[in-house]
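Q: Sequence and predicted structure are below.
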Amino acid sequence: MATNNSIYIPQVFASLSKQKIADLFLDNNIGHVSNVKLIAIPKSHGPQINKAYVYIDQWCDSEAAYEVHRKLFRDTTSNNKRAELHYAESKYWILLPNNDRSMQLAKAAPVASGPVVL
């Protein structure tokens, strides 16, 4: 597959670790995650939410990976570049291409470190 390897997830529950996010990408046959960058979204009430930047080191050779890659990076007929990753019964993340240039070029922290608080 092409070299596009950075995915943006607008909302991730803060209770999910970088390792869990990486594991879910692999468990769903999307890809091997090299890094995850979590950024806390400030909230005054309700559950804490992060946004996530996921860096795919290697895409899986699967229909699921192909579809995510196609929807995010290869479909030139649609301006709605998004995919979904269902990770639990009735729970899913919206996956978007990472268009934040600073997050594409930044060295993401290894999967094992915690979220950044702004």
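A: Nice, I can see it.
Q: now the helices: where do they sit in this structure?
A: Ranges of helices in the chain, per DSSP state H, are 18-27, 63-69, 101-105.
Q: Report the helix or strand with the lowest average pLDDT across the protein.
A: helix 101-105 (a mean of 63; mean pLDDT, DSSP states H and E).
Q: contacting residues for the residue nearest in space to the middle of the chain?
A: With distances taken as Cα atoms, centre = their mean, residue 54 lies nearest the centre of the chain, 3.9 Å away. Going by Cβ atoms under 8 Å, 6 or more residues apart in numbering, residue 54 touches 6-9, 21-22, 25, 33, 35-36. Every residue, glycine included, has its C-beta placed from N, CA and C.
Q: how far away is residue 36 from residue 71?
A: Distance, residue 36 to residue 71, using Cβ to Cβ, to the nearest Å: 20 Å.
Q: Could you do residue 39 as well?
A: In terms of Cβ to Cβ, residue 39 sits 23 Å off from residue 71.
Q: Compare neighbour counts for these two and give me the winner.
A: Taking other Cβ atoms under 10 Å, residue 39 and residue 71 do not tie; residue 71 has more neighbours (18 against 14).
Q: So, low pLDDT: which residues of this protein?
A: 1-4, 103-118 (pLDDT under 70).
Q: got the residue ranges for the strands in this protein?
A: Counting by DSSP state E, one finds strands in the chain at the ranges 6-13, 31-41, 49-59, 83-88, 91-97.
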